[in-house]
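Asks: okay, predicted coordinates and the sequence, questions at the end:
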Amino acid sequence: MVETENILIKKTWEILAGVSDPEIPVLTILDLGIVRDVVITNQQIEIIITPTYMGCPAMDMISMNIKAAMLEHGYKNISIKNILSPAWTTDWMSEEGKKKLKSYGIAPPNPKQIVCTPNAFQEEEVVQCPKCNSYNTQLISRFGSTACKALYKCYHCHEPFEYFKCH
């Protein structure tokens, strides 16, 4: 029995909702917003994804996990296409995904805010500690355990934490 394209697209999205990010397992690839589209042509399923960063090492594992999930559900005629433009942005993350990040102990991305310094106005990220919710935090390193995260310290609870960088 041949499934209609709309049903096949819907089933594919449902399967993709269960594929976790290998670096942050509480997030799915849909939470991250890296799945751009699902295209069906003659029962061939093409899944289009965009990396969070150019050269992201997790993308190969994500592609393998997508293929494994699709095969597990009986779909064999699949391909995965990586596209780089437009570049991924944290705006594509789901609100649910941002909540999951915070619960996991990683500060979710924030839009930059204009702050007044003694010499000028400048844009900077105001990062809330995911453990105690204080904004009394400081950047320690622009890179955390992965390129998409930065390392911060909270001066209220004295705990270090990672921040999923906004871009």
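Replies: It's in. This structure is a prediction, so every number in the text was calculated from the model and none was measured.
Asks: how far away is the closest residue to S63 other than its chain neighbours from W92?
Replies: Closest residue to S63 apart from its sequence neighbours, by Cβ to Cβ, 6 or more residues apart in numbering: I80 at 4.8 Å. For every residue, glycine as well, the C-beta is placed using N, CA and C. In this view, I80 and W92 are 18 Å apart by Cβ to Cβ, to the nearest Å.
Asks: least confident secondary structure element in the chain?
Replies: For the chain, the helix or strand with the lowest mean confidence is strand 113-116, at a mean of 56 (criterion: mean pLDDT, DSSP states H and E).
Asks: domain ranges for the protein, per the record?
Replies: 5-91, 105-164 (automatic domain parsing).
Asks: lowest average confidence across the ones you listed, which one?
Replies: Here those differ in mean pLDDT, and the lowest is domain 105-164 at a mean of 84.
Asks: roughly how far is that domain from the heart of the chain?
Replies: Relative to its chain's centre, domain 105-164 lies at 18 Å (Cα atoms, centre = their mean, to the nearest Å).
Asks: quick check: end-to-end length of it?
Replies: 11 Å (Cα to Cα, to the nearest Å).
Asks: ok so the residue nearest to S63 is a strand residue?
Replies: Yes: assigned with DSSP: H, G, I helix; E, B strand; the rest coil, I80 falls within a strand.
Asks: shouldn't it be in contact with I47?
Replies: Yes: using Cβ atoms under 8 Å, I80 is in contact with I47, at 5.1 Å.
Asks: can you give me the strands for this protein?
Replies: For the chain, the strands defined by DSSP state E cover 35-41, 44-49, 78-82, 106-107, 113-116, 121-124, 137-141, 149-154, 160-164.
Asks: how about the lengthiest helix in the chain: buried residues?
Replies: As assigned by DSSP state H, the longest helix anywhere in the chain is helix 58-72. Residues of helix 58-72 classed as buried by neighbour count (16 or more other Cβ atoms under 10 Å): 58-59, 62-63, 65-67, 69-70.
Asks: nearest to I40 among the residues you listed?
Replies: If you rank the buried residues of helix 58-72 by distance to I40 using Cβ to Cβ, M70 comes first, at 12.5 Å.
Asks: give me every residue that touches the closest one.
Replies: 12, 15, 45, 47, 76, 78 (Cβ atoms under 8 Å, 6 or more residues apart in numbering).
Asks: output the longest helix of the chain as CSV, restricted to C-alpha atoms.
Replies: Output of helix 58-72 as CSV, limited to C-alpha atoms (Å, rounded to 0.1, in the frame of the first residue of the first chain):
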residue,chain,number,x,y,z
ALA,A,58,27.3,16.1,16.1
MET,A,59,25.7,16.4,12.6
ASP,A,60,27.1,13.0,11.4
MET,A,61,25.7,11.3,14.5
ILE,A,62,22.4,13.2,14.1
SER,A,63,22.2,12.0,10.4
MET,A,64,22.9,8.4,11.6
ASN,A,65,20.2,8.6,14.3
ILE,A,66,17.7,10.0,11.8
LYS,A,67,18.4,7.1,9.4
ALA,A,68,18.2,4.6,12.3
ALA,A,69,14.8,6.0,13.5
MET,A,70,13.4,5.9,10.0
LEU,A,71,14.6,2.3,9.4
GLU,A,72,13.2,1.2,12.8
